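Asker: I would like the atomic coordinates for the input below:
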Amino acid sequence: MFNQLKAYVDKREGVHYWKEILNQAGLTVNQQYFMMVTYPDQDYYNLLEIAAEMSNQTREVFLESFGRFLGTFIMTTYGNALKADMQTLDLMGEADYYIHKVFDIALGEASSTRKGPHDLTIIYTNKHRCCPLFIGVIKAVAEYYKEVVVTSQSLCVLKGHPYCEISVHKT
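Answerer: As a prediction, this is how the structure comes out:
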């Protein structure tokens, strides 16, 4: 996740941007993150918050855009390892399994209920209030499968609720 955040900000703003984020976080500008090493989640979320603040976008817009970038990376890297008949609602219906067991990333906790062939409700929790990032991942997964989905939230931690209730409708 650290490397993907760096890749995202490098692509959007250039290498100087990442160095400034590290500097503002009080880290050495030569700090490197390796895929097989575990780092504290709080370090990641601090970098994410600083990047969002520096982006000249709202936090929500930045996080959703990064979620799309991250989701595209995940699907491009691991999509061929998934079941051949899997589609957006199938994958997102098992999001918690894939997030923690397969992709091993710290995106929060997700449980879901299928509401029919075209609808899924996801209960999403993340103490860092990153539901826009998760929604960006959902949209990237849909793009990977060449599907169109509409997301909406009836409950959201950004509005003071204890968790997010994200509805995903495949059109």
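
Asker: Surely residue 1 touches residue 44?
Answerer: Yes. Under the contact definition of CB atoms under 8 Å, residue 1 touches residue 44, with a separation of 5.7 Å. All C-beta atoms are positioned from the backbone trio N, CA, C, and that covers glycine.

Asker: When the two are compared, which one has more neighbours?
Answerer: Between residue 1 and residue 44, counted using other CB atoms under 10 Å, residue 1 has the larger neighbour count: 20 against 17.

Asker: Mind giving me the packing neighbours of the lowest-mean-pLDDT helix or strand in the chain?
Answerer: Evaluated with mean pLDDT, DSSP states H and E, the helix-and-strand set of the chain has its lowest mean pLDDT in helix 95-97, which scores a mean of 77. Counting contacts by 3 or more CB pairs under 8 Å, 6 or more residues apart in numbering; DSSP states H and E, helix 95-97 is packed against strand 109-114.

Asker: Need the CA coordinates for the strand it packs on. PDB is fine.
Answerer: Extracted C-alpha coordinates of strand 109-114, given in PDB (Å, rounded to 0.1, in the frame of the first residue of the first chain):
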ATOM      1  CA  GLU A 109     -13.400  -4.500   7.500                       C
ATOM      2  CA  ALA A 110     -16.200  -5.400   5.200                       C
ATOM      3  CA  SER A 111     -19.200  -7.700   5.400                       C
ATOM      4  CA  SER A 112     -21.900  -7.900   2.800                       C
ATOM      5  CA  THR A 113     -25.400  -9.100   2.000                       C
ATOM      6  CA  ARG A 114     -26.500  -9.800  -1.600                       C
END
